[in-house]
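[1] have a look; sequence and predicted model below, questions after that.
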Amino acid sequence: MSIKEEIAQSLEKLRPYLQRDGGDVEFVDYDVDQGILKVKLMGSCAGCPYSQMTLSSGIKRTLQQEFPQLQDVQSV
């Protein structure tokens with residue numbers, strides 16, 4: 001399994017937490033060289049003023065525990 005597939009699979013585990021609040025997240029791409037994960041925030045997450053906090057404190061921090069090479073998470 002590639003690192004992209006592993007990250008996408010781990011992201012799937014986080015989705016129910018966002019869906020509980022009416023939001024969602026979708027894996028878009030992972031740049032292996034730069035360590036940047038690109039995701040698409042959907043539902044209530046798309047327009048939420050706390051979406052940056054969700055990205056950095058929620059998704060990024062959680063995934064970095066499993067993937068230390070992950071440098072950043074960006075919403076596209």
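    All right, it came through fine. Residues are numbered from 1 along each chain as shown.
[2] any idea how far Q19 is from M42?
    10 Å (C-beta to C-beta, to the nearest Å). In short, each C-beta sits where N, CA and C put it, glycine included.
[3] now the strands: where do they sit in the protein?
    For the chain, applying DSSP state E gives strands covering 23-31, 36-43, 72-75.
[4] would TSV of those with mean pLDDT be doable?
    Output for these, formatted as TSV (pLDDT from 0 to 100):
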stretch	mean pLDDT
strand 23-31	95
strand 36-43	94
strand 72-75	94
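[5] for the helix ranked longest in the chain, packing partners?
    The residue-count maximum for a helix in the chain (DSSP state H) belongs to helix 3-19. Judged by 3 or more C-beta pairs under 8 Å, 6 or more residues apart in numbering; DSSP states H and E, helix 3-19 is in contact with strand 23-31, strand 36-43, helix 61-66.
[6] what's the angle between that helix and strand 36-43?
    For helix 3-19 against strand 36-43, the angle by axes from the mean of the first three to the mean of the last three C-alpha atoms, to 10 degrees is 30 degrees.
[7] for the record, mean pLDDT for helix 3-19?
    On average, the pLDDT along helix 3-19 is 94.
[8] just want the angle from it to strand 23-31.
    160 degrees.
[9] what are the buried residues along helix 3-19?
    For helix 3-19, the neighbour count (16 or more other C-beta atoms under 10 Å) marks 7-8, 10-11, 14, 18 as buried.
[10] then stretch 24-44?
    By neighbour count on 16+ other C-beta under 10 Å, the buried set for stretch 24-44 is 24-25, 27, 30, 37, 39, 41.
[11] need these in JSON lines with distance to R61, can you?
    Shown next, in JSON lines, are those (distance: C-beta to C-beta, whole Å):
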{"residue": "D24", "distance to R61": "19"}
{"residue": "V25", "distance to R61": "14"}
{"residue": "F27", "distance to R61": "17"}
{"residue": "Y30", "distance to R61": "17"}
{"residue": "L37", "distance to R61": "12"}
{"residue": "V39", "distance to R61": "14"}
{"residue": "L41", "distance to R61": "16"}
